[in-house]
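Trainee: Fold the following.
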Amino acid sequence: MKKLKLSFVAAAIMASSLYTAPVFVSDLGGVAVAQEEKKERKTRRVPTLRGKVYEQLARAQKAGDAGNVEEAVAILDEVQEKIDSMNSYERAMMYNFYGFIYYNAEDYAKAFESFKLVVEQSPIPEAFEQTTLFSLSQLSLMQQDYDATIHYLERWEALQTGTIPAKNNVLKAQAMYQQKNYTKAAEYIEAAIVTQEADPDDGIADENWYILQRAIYYELKRQKDVTSVLVKLVRYYDKPKYWIQLGGMYGEIGEEKKQLAVMEAAYQMGYVTSGQDLFNLAQLYYYHQVPFKAADVMVKAMDDGLLEENLRNLRFLSQCWALAKENDRAIPVMQAAANLSEDGELDAQLAQIFLNTDQWDKAIESAKKALEKGDLRSPGTAHLVIGMSLFSQKRFAEALNALAEAEKFKRTEKMAQQWLKYVTSEKTSHEVLQAELSS
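Mentor: Presented below is the predicted three-dimensional model:
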């Protein structure tokens, strides 16, 4: 049996799912708060925001909050007409509000250009600059400008005196992932997750960080590392898809016992719900010599309408019942499968089951049907079944003819010859006995 492969594809786990809305200074009090957060750092000498400008920006903010984009922009345009008389802080705040309003209107290109103008003003509060730089990096990522993403993050980090936050490395990892620089992406996401997991108050990274790490490792063909990430996703986020994917990855790395254990646990928790996943679980049971459980999964899946009663599924179910030595259950299923099959292979298997259960006439009928359909792996075996069934009915002459046909095939030649000698001997003994009884 081939190892069951992981069912997810790279496209389903791309980092695009990790985009988060940029964090902007969206109100006039926000800058003051941001400045307070940086008290311990050497402060810049920044000009003040004058009352008249403040009032106009407040009007624009109010209109923007009410959803009146055109009105908000018009107010800002009036402010911009006096740009020559504005100081750097006032210009930065004006451009910031342009960007915020455009962003809320989902005009990301104009928002990006506006925020770029914010960080071109100097001097402005350092915290304000950092917030805007980080937002620019996120907007760059959304616009698939990955070089700009890194550029703005590095500008942000140049202003930072403390530890670089984990989220910075996540953004870098996303940018590198999209540029297919998977090795560098792995370094960044690993650094981010190590930092987050070392946090004594939390110790668990964001779910999407693990998803990105899994995607990167998958592209690098680091299957064992993919598996380790999935173990964390199962432990911390306990979603059905992660259990299924973990089972698949254990199969990929050759740990079939763990694969079965994970899939069986997922099944018991009601996480295995798709037809294909149920079929895969049944295959695992069959592969690990637990055919009765395999058959049970198949029957329930068919009864629930999750698996069709088609040739593939009926053939496999019949094999499960046969391996479990449940011939009474295997026979009707195999008959249904044989009726759907264009070749005679299933009829040949059915003939052998009938032979083993002393149903001679049915064995002969199925073997003949198999030969009529053709495309058999071992046509000689079908002739052997016919010969042995006829012999069991003491139809010696017919049995010898069938065994002679089996002798023509290399795979069954020796066995046919042995049976020919035995049947010939039994035929002679039977004829002698009959002669004695009639005399």
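Trainee: For whichever helix or strand residue 251 is part of, name the packing helices and strands.
Mentor: Assigned by DSSP states H and E, residue 251 belongs to helix 240-252. Here helix 240-252 touches helix 223-237, helix 256-268, going by 3 or more C-beta pairs under 8 Å, 6 or more residues apart in numbering; DSSP states H and E. No exception for glycine: its C-beta is placed from N, CA and C like everyone else's.
Trainee: contact partners of the first one?
Mentor: Around helix 223-237, the neighbours that count as contacts under C-beta atoms under 8 Å, 6 or more residues apart in numbering are 6, 204, 207, 210-211, 213-214, 217-218, 239, 242-243, 245-246, 249-250, 252-253.
Trainee: one step back: can you put the helices and strands packed on helix 240-252 in CSV and add distance to residue 363?
Mentor: Output for these, formatted as CSV (distance: least, C-beta to C-beta, whole Å):
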stretch, distance to residue 363
helix 223-237, 47
helix 256-268, 35
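Trainee: export those helices to a markdown table and tack on distance to residue 420 and mean neighbour count?
Mentor: Shown next, in a markdown table, are those (distance: least, C-beta to C-beta, whole Å; neighbours: other C-beta atoms under 10 Å):
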| stretch | distance to residue 420 | mean neighbour count |
| --- | --- | --- |
| helix 223-237 | 54 | 18 |
| helix 256-268 | 44 | 18 |
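Trainee: Which of the ones you listed sits closest to residue 313?
Mentor: helix 256-268 (17.4 Å; C-beta to C-beta).
Trainee: Which elements pack onto that closest one?
Mentor: If you count contacts as 3+ C-beta pairs under 8 Å, 6+ apart, helix 256-268 packs onto helix 240-252, helix 275-287.
Trainee: The last one to helix 256-268, inter-axis angle?
Mentor: Spelled out, it's helix 275-287. 130 degrees (axes from the mean of the first three to the mean of the last three C-alpha atoms, to 10 degrees).
Trainee: and the following helix or strand past helix 275-287, average pLDDT?
Mentor: Per DSSP H and E, helix 275-287 leads on to helix 291-303 as the next helix or strand towards the C-terminus. In this model, helix 291-303 has a mean pLDDT of 97.
Trainee: what do you get for stretch 417-435?
Mentor: Stretch 417-435 comes out at a mean pLDDT of 90.
Trainee: now swap in stretch 148-165 and tell me
Mentor: 89.
Trainee: same thing with stretch 233-248?
Mentor: Mean per-residue pLDDT for stretch 233-248: 96.
Trainee: same thing with stretch 130-138?
Mentor: Stretch 130-138 comes out at a mean pLDDT of 91.
Trainee: Any idea how far it is from the middle of the chain?
Mentor: 33 Å (C-alpha atoms, centre = their mean, to the nearest Å).
Trainee: cool, and stretch 324-337?
Mentor: Taking mean C-alpha positions (C-alpha atoms, centre = their mean), stretch 324-337 and its chain are 34 Å apart.
Trainee: Need the three-state assignment for residue 122.
Mentor: Of the three states, residue 122 takes coil under DSSP: H, G, I helix; E, B strand; the rest coil.
Trainee: where in the stretch 1-150 of the chain is pLDDT low?
Mentor: 1-43 (pLDDT under 70).
Trainee: Isn't residue 157 up against residue 165?
Mentor: No - contact between residue 157 and residue 165 fails when scored by C-beta atoms under 8 Å: they sit 9.4 Å apart.
Trainee: hang on, the earlier thing: can you say which of the helices and strands packed on helix 256-268 is packed in most?
Mentor: Mean neighbour count (mean count of other C-beta atoms under 10 Å) peaks for helix 240-252 among the helices and strands packed on helix 256-268, with a mean of 23.
Trainee: follow-up on the earlier one: now the helix holding residue 251 against helix 256-268, angle please.
Mentor: Going by the same axes, to 10 degrees, helix 240-252 makes 160 degrees with helix 256-268.
Trainee: which SS class is residue 308?
Mentor: Classified using three-state DSSP, residue 308 is coil.
Trainee: Next, count neighbours for it.
Mentor: 12 (other C-beta atoms under 10 Å).
Trainee: Contact partners for it?
Mentor: 275, 302.
Trainee: Quick check: phi and psi on it?
Mentor: phi -80, psi 150 (degrees, to the nearest 10).
Trainee: returning to what we had before: and of the helices and strands packed on helix 240-252, who's closest to residue 59?
Mentor: Comparing the helices and strands packed on helix 240-252 by C-beta to C-beta, helix 223-237 comes nearest, at 45.1 Å.
Trainee: tell me which residues of stretch 168-186 are tucked away?
Mentor: 168-178, 181-182, 185-186 (16 or more other C-beta atoms under 10 Å).
Trainee: same check, this time on stretch 381-395
Mentor: 381, 382, 383, 384, 385, 386, 387, 388, 389, 390, 391, 395.
Trainee: Stretch 306-326 too?
Mentor: Those would be 306-307, 311, 313-324, 326, for stretch 306-326 by 16+ other C-beta under 10 Å.
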